[in-house]
Each structure stands twice: as C-alpha cells, then as structure tokens.
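Participant: sequence plus predicted model, see below.
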Amino acid sequence: MKITMIGTGYVGLVSGTCFAHWGNDVICVDKNAAKIAGLNQGILPIYEPELDGLVSKYHQAGRLSFTCDLAAAVKDADIVFIAVGTPARAGHGDADLSFVYMAAKEIAPYLAEGAVVAVKSTVPVGTGDAVDKIIGSVRRRGSYSVASNPEFLREGAAIPDFLKPDRVVIGVEDMHAQTVLMQLYRDVFAPHDVPVVVTRRRTSELIKYAANAFLATKITFMNELADLCELAGSDISDLALGIGLDRRIGSSFLNAGPGYGGSCFPKDTLALLRTAQDYGVALRVVEETVTANEARKRKMALKVLDAVGGDVDGMTIAVLGLTFKPDTDDMREAPSVPLIETLQRFGATIRAFDPVGMPNAAQMLDDVALIDDPYECARNADAVVIVTEWDCIRRLDLTRLRKLMNAPVLVDLRNAVSQESAEAAGFRITMIGKPVRNNKETHSAALAEKEAKSAVTAGGGVRGRLHTGNDGKAGTAGRSRL
C-alpha cells in the first residue's frame with residue numbers, strides 16, 4: 001500500500017519505518033526542513049533502539065522517503081496517517097490539537113479518491129469528528145474516510161511493540177475505512193493471532209487515554225505501597241512478585257520508583273481529566289494519581305537528604321541517569337529534573353551522567369556538570385543517586401565507585417543494584433520500598449571519613465567548582481538564568 005505519514009516525531013518515524021518494513025511504500029512528511037535533510041542523510045531526531053538501522057535499510061531500498069512536499073506525498077496515498085504532536089496546553093492540561101487540525105486542513109485538497117485519513121496522534125474524544133468536518137469542508141462526503149488508529153508504543157521498546165503488538169485498535173465510521181485498515185494489518189498479524197479491535201472512532205480515541213491512565217495509576221499505586229513497605233518492614237520487590245503472578249493483575253508496571261514521566265502518561269492523564277470535566281464526570285482515581293505522582297518526584301529529594309544526614313548544603317551529589325526511563329533520550333517530565341532542582345535549592349552542587357540523554361538534559365538543567373563517564377561523575381561526590389536504570393548503570397563496579405567517593409552514600413531510586421552487593425562494597429544504600437535498616441554506625445563512620453578527607457584537601461580550592469570528564473576537560477552545561 002502507499003502510505004503517507006504526517007509528522008516525523010517519535011510516533012510518525014517509528015510507525016512509518018515499521019510500515020515500510022512490512023513492504024509498504026511510505027513517505028514521511030514534515031515542515032522542518034532541517035529534520036528532513038537530516039533524515040535523508042541518516043541522521044535521526046530521536047534515539048530509539050534498532051530504529052536507525054531500519055530507517056537506513058528501507059530508505060536505501062526506496063520504500064521509505066522523507067520530504068517537505070505535502071502535496072506530492074499525499075496525492076497518491078491509500079492511507080494518510082496524522083502523527084503530529086498533541087502537547088498539553090500550558091496552564092490548561094487539555095491537549096493542544098492545533099497541529100492535528102492544521103494537518104487535516106492542509107492535506108484535504110490533495111487527498112486521492114477513497115483515501116483513508118487515520119489519526120495516530122493521541123487525541124481526546126471527538127477529535128476525529130472535527131477532522132472529518134475540516135476535510136469535509138473541502139472534499140465531497142464519501143470521497144474519503146476518517147479513522148482512529150492509536151499507537152501503544154513504549155519508548156525504548158517501540159520497534160518490537162509495533163511489530164509484535166498486544167493488539168491493534170481501529171476506530172471507524174464506515175466500512176471502507178475498516179476494509180482498508182484491516183487490509184494493512186490483517187496479512188501481517190493474522191498468522192500471529194494478534195487481536196484487532198474494531199470499534200467506533202470515539203471509543204478508539206478513549207481507549208488510548210484510558211490505557212495510559214490505568215498504567216499511570218498502577219505505577220502510582222506501587223509507589224505508595226513502597227512507602228508503606230519501608231516503614232512496615234516489607235520488601236516491595238517481593239510484594240510486586242506476589243501480586244504480579246495473579247493473572248488478573250499481571251507483572252507489568254509494578255516496579256516502584258521516583259514517579260512516572262515521559263511524553264505520554266503525564267500529558268494523557270491530564271487530558272483525560274479535562275475531557276471528563278467537559279462531560280461533567282469526576283475521575284477521582286486519576287486525579288489522585290496525578291497529584292501523588294507530582295508530589296513523589298519532589299519527595300525523592302527528601303530521600304536523598306535523609307540519606308546524607310539531613311543537609312546537602314555544600315555537598316556534591318552525583319546523579320546517574322537523567323532520562324525518564326532507559327533506552328531513550330526523552331527528558332520530558334523526567335523525575336531527574338525536579339530532583340536536581342530541589343537539591344540545588346538546598347545548596348547541593350550537582351554532577352550528572354546519562355549515556356544518551358545529556359544533550360537534551362543540557363537544555364533543561366541549569367548549573368549542572370554533565371560528565372560522560374559514570375565513575376568520573378562520582379569522583380569526590382558525597383552521594384550517588386541512581387535515577388534511571390540504564391544497563392551500564394546496573395553493571396557498575398560498585399567497589400570501584402565507592403573508592404572514588406568522599407562518602408559511601410548510595411541512593412538507588414530504581415532498585416537497580418543489589419543491596420547486598422552495595423553493602424559488601426562498603427556503601428550505605430537507600431532503596432525504594434525496602435525495609436529501613438539501622439545505619440547509625442555506618443552513617444557516623446561516613447561523616448568521620450568525610451571530615452578526614454576535607455582536612456587533607458583543605459587549602460586546595462573550593463571542591464566541586466571545576467567539573468572534568470574523563471578527558472580532563474571542563475564539562476559544565478546548562479543555561480544561564482536572566
């Protein structure tokens with residue numbers, strides 16, 4: 001089939017590439033000429049495992065192309081997917097649909113007879129109706145179809161999620177749209193028994209929001225249980241295993257941590273709440289989920305304060321992992337940001353490492369030294385805080401890490417390392433949802449060691465002002481406040 005993808009962001013680029021993988025001819029369109037030029041040269045605007053290789057393969061094969069020429073891309077397409085951004089409107093919480101409506105308006109004059117316009121962007125209930133109305137103001141009714149086909153991709157696992165999904169959801173209002181979209185998916189998924197849910201357009205739109213809100217609630221529930229475990233002498237990991245084996249619950253999204261982030265859950269929960277308010281419905285569970293998650297991100301800084309004895313003023317804190325989850329460069333709503341900002345307000349100097357996310361982090365963080373090696377990041381630090389559970393962080397040599405630090409304080413907000421291994425390496429470790437141990441003796445020893453090192457280095461300048469990476473060069477990054 002001939003497919004046109006409007007938007008080369010996360011959803012558009014991944015979806016377009018995977019459609020090309022299935023043998024379709026795909027044209028991806030974007031107004032950003034620099035982005036299109038980069039894609040034509042093999043330079044991707046996002047990081048996603050496996051994506052760069054697939055883009056290169058199908059671009060060279062001629063099945064995947066990139067252009068700014070909307071008219072040429074749309075005129076022969078069987079299906080035109082709208083995959084543009086729908087960010088939350090500042091101060092409102094509802095989704096900004098201006099890009100969706102603009103795309104609908106601009107493609108309308110060029111649609112081929114019988115073309116299906118499928119909205120892949122995450123949109124509120126009724127958006128498809130508005131898109132239909134916009135196109136219908138230019139085109140004859142019945143000469144086109146508008147459908148909903150939401151994506152369910154996890155950043156960091158988007159390629160396998162697209163190629164081997166749990167289900168496909170199609171929202172249609174006419175048989176032509178259903179036939180075309182079923183043809184696109186059926187031949188690929190029928191041999192693998194992948195369910196295809198065909199429903200009305202409005203239901204399809206709501207399914208995406210409901211799914212993300214449910215998963216966000218599940219994460220928040222486990223985070224609150226983790227707080228209880230710490231005080232009740234229970235272990236959140238064993239608890240998650242015990243309830244996750246119940247098939248009615250499932251084991252996914254049961255890992256406690258510093259709060260959810262990213263481009264989907266924060267935005268979609270707020271948009272769902274606004275939609276519910278518009279219809280006079282109170283979604284109390286979702287409301288509490290949003291409130292609890294925001295509070296938890298800030299609360300993580302207090303966990304660090306407790307680990308170092310109550311005061312970080314003048315201390316150097318090494319933060320390992322900045323992106324909201326591993327295997328992505330996405331910093332949107334990342335828990336690392338409020339954590340770092342809060343610690344800075346308490347007087348801490350922050351050094352940070354992330355294997356992929358530091359270029360994006362530099363645009364969001366002020367006065368943070370971004371170090372390209374985790375061990376160098378931890379050198380002379382008074383505490384290390386693990387915020388994102390990248391594999392390279394899970395595999396750190398804890399003994400080596402400990403020897404580089406001023407004090408043996410490790411705060412693991414993802415339970416990424418073994419508590420036993422950390423303690424064997426000499427760390428006083430604080431984890432999520434683990435029983436609180438009596439560390440008074442260890443803490444006293446840590447303070448004594450810190451004072452001893454301070455005495456040795458006295459007169460050698462102010463520690464933490466010059467931040468060097470493993471190449472010996474200064475690496476302070478961030479913006480200046482005006």
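Facilitator: Right, received. Where do you want to start?

Participant: got the buried residues for stretch 400-418?
Facilitator: Residues 401-402, 404-417 are the ones in stretch 400-418 that count as buried (16 or more other Cβ atoms under 10 Å). In short, each C-beta sits where N, CA and C put it, glycine included.

Participant: also stretch 356-366?
Facilitator: Neighbour count says stretch 356-366 has Val356, Gly357, Met358, Asn360, Ala361, Ala362, Met364, Leu365 buried, by 16+ other Cβ under 10 Å.

Participant: quick check: closest non-adjacent residue to the second one.
Facilitator: This means Gly357. Counting by Cβ to Cβ, 6 or more residues apart in numbering, Gly357 lies nearest to Thr323, which is 3.8 Å off, once chain neighbours are set aside.

Participant: what's near enough to touch the one you found?
Facilitator: Asp329, Asp330, Met331, Ala334, Ser336, Asp354, Val356, Gly357, Asn360, Ala361, Thr388 (Cβ atoms under 8 Å, 6 or more residues apart in numbering).

Participant: quick check: the gap between the fifth one and Leu365.
Facilitator: In this case it means Ser336. Using Cβ to Cβ, to the nearest Å, we find Ser336 at a distance of 8 Å from Leu365.

Participant: overlap in contacts of these two?
Facilitator: In contact with both Ser336 and Leu365: Ala352, using Cβ under 8 Å, 6+ apart.

Participant: Asp193: how many residues sit nearby?
Facilitator: Residues lying near Asp193 (other Cβ atoms under 10 Å) number 6.

Participant: try Tyr375
Facilitator: Around Tyr375 sit 17 other residues, with neighbours defined as other Cβ under 10 Å.

Participant: packing partners for the strand or helix carrying it?
Facilitator: Element membership for Tyr375 (DSSP states H and E) is helix 374-378. Applying 3 or more Cβ pairs under 8 Å, 6 or more residues apart in numbering; DSSP states H and E, one finds that helix 374-378 contacts strand 316-320, strand 349-353, helix 398-404.

Participant: run the chain-centre distance for it.
Facilitator: Averaging C-alpha positions (Cα atoms, centre = their mean, to the nearest Å) puts helix 374-378 24 Å from its chain's average.

Participant: each with direction, which strands does whatever helix or strand comes next after it pair with?
Facilitator: As assigned by DSSP H and E, the chain's next helix or strand after helix 374-378 is strand 383-386. Here strand 383-386 is paired, per DSSP bridges, with strand 316-320 (parallel), strand 409-412 (parallel).

Participant: between the buried residues of stretch 400-418, which is nearest Ser65?
Facilitator: Closest to Ser65 out of the buried residues of stretch 400-418 is Arg414 (39.8 Å), distances taken as Cβ to Cβ.

Participant: so for Gly128, what's the nearest residue that isn't a sequence neighbour?
Facilitator: Nearest non-adjacent residue to Gly128, counting by Cβ to Cβ, 6+ apart: Arg201, 4.2 Å away.

Participant: for the one you found, give me its contacts.
Facilitator: By Cβ under 8 Å, 6+ apart, the contact set of Arg201 is Gly128, Asp129, Val146, Ala147, Ser148, Gly171, Val172, Glu173.

Participant: ramachandran coordinates for it?
Facilitator: Main-chain dihedrals, Arg201, degrees, to the nearest 10: phi -60, psi -40.

Participant: for the stretch 51-200 of the chain, what are the low-confidence residue spans?
Facilitator: Along the stretch 51-200 of the chain, no part satisfies pLDDT under 70.

Participant: can you pull out the strands in it?
Facilitator: In the stretch 51-200 of the chain, the segments counted as strands under DSSP state E, counting those that start in this stretch are 64-67, 79-82, 115-119, 144-148, 168-171, 196-199.

Participant: which other helices and strands contact the fifth one?
Facilitator: Under the contact criterion of 3+ Cβ pairs under 8 Å, 6+ apart, strand 168-171 touches strand 144-148, helix 175-189, strand 196-199, helix 201-232.

Participant: quick one: contacts of that strand?
Facilitator: Residues outside strand 168-171 that contact it (Cβ under 8 Å, 6+ apart): 128, 147-150, 152, 178, 181-182, 185, 189, 194-205, 207-208.

Participant: in PyMOL, how would I select just the buried ones from those residues?
Facilitator: In PyMOL, this line selects whichever of the contacts of strand 168-171 come out buried by 16+ other Cβ under 10 Å:
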select buried, resi 128+147+148+149+150+152+178+181+182+185+189+196+201+202+204+205+207+208
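
Participant: surely Thr323 forms part of a helix?
Facilitator: No - the assignment for Thr323 by DSSP: H, G, I helix; E, B strand; the rest coil gives coil, which leaves it out of any helix.

Participant: coming back round to it: which of the buried residues of stretch 356-366 sits closest to Lys57?
Facilitator: Of the buried residues of stretch 356-366, the one sitting nearest to Lys57 (Cβ to Cβ) turns out to be Val356, at 21.7 Å.

Participant: does Val188 really touch His21, like I thought?
Facilitator: No - Val188 lies out of contact with His21 (Cβ atoms under 8 Å); the separation is 9.5 Å.

Participant: just put the helices and strands packed on helix 374-378 in a markdown table and tack on mean pLDDT and distance to Glu106.
Facilitator: Formatted as a markdown table, these follow (pLDDT from 0 to 100; distance: least, Cβ to Cβ, whole Å):
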| stretch | mean pLDDT | distance to Glu106 |
| --- | --- | --- |
| strand 316-320 | 98 | 43 |
| strand 349-353 | 98 | 41 |
| helix 398-404 | 98 | 53 |
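
Participant: show me where the stretch 1-150 of the chain has helices.
Facilitator: 10-21, 33-40, 51-60, 70-74, 98-107, 127-136 (DSSP state H, counting those that start in this stretch).

Participant: thinking again about what came up before, among the contacts of Arg201, which two are most distant?
Facilitator: Asp129 and Val172 (12.8 Å).

Participant: the more surrounded of those two?
Facilitator: Shown here are Asp129 and Val172; by other Cβ under 10 Å, Val172 has more neighbours (25 against 14).

Participant: show me what contacts that one?
Facilitator: By Cβ under 8 Å, 6+ apart, the residues touching Val172 are Ser145, Ala147, Ser148, Gln178, Leu181, Val198, Arg200, Arg201.

Participant: 10 Å instead, please
Facilitator: Going by Cβ atoms under 10 Å, 6 or more residues apart in numbering, Val172 touches 116, 118, 128, 145-149, 178-182, 198-201, 204.

Participant: Gly262 now?
Facilitator: 154-156, 212, 268, 323-325, 328, 330-334 are the contacts of Gly262 under Cβ under 10 Å, 6+ apart.

Participant: so it lies in a strand, does it not?
Facilitator: No - if the criterion is three-state DSSP, then Gly262 is coil and not within a strand.

Participant: tell me the pLDDT at it?
Facilitator: Listed pLDDT for Gly262 reads 92.

Participant: and for the one 5 residues further on?
Facilitator: In the predicted model, Lys267 carries a pLDDT score of 93.

Participant: now it: which helix or strand?
Facilitator: With DSSP H and E as the criterion, Lys267 is inside helix 265-278.

Participant: what's the spacing between that helix and its chain's center?
Facilitator: How far helix 265-278 lies from its chain's middle: 18 Å, per Cα atoms, centre = their mean.

Participant: ok, stretch 361-373 next?
Facilitator: Distance of stretch 361-373 from the chain centroid (Cα atoms, centre = their mean) equals 18 Å.

Participant: much appreciated, bye for now.
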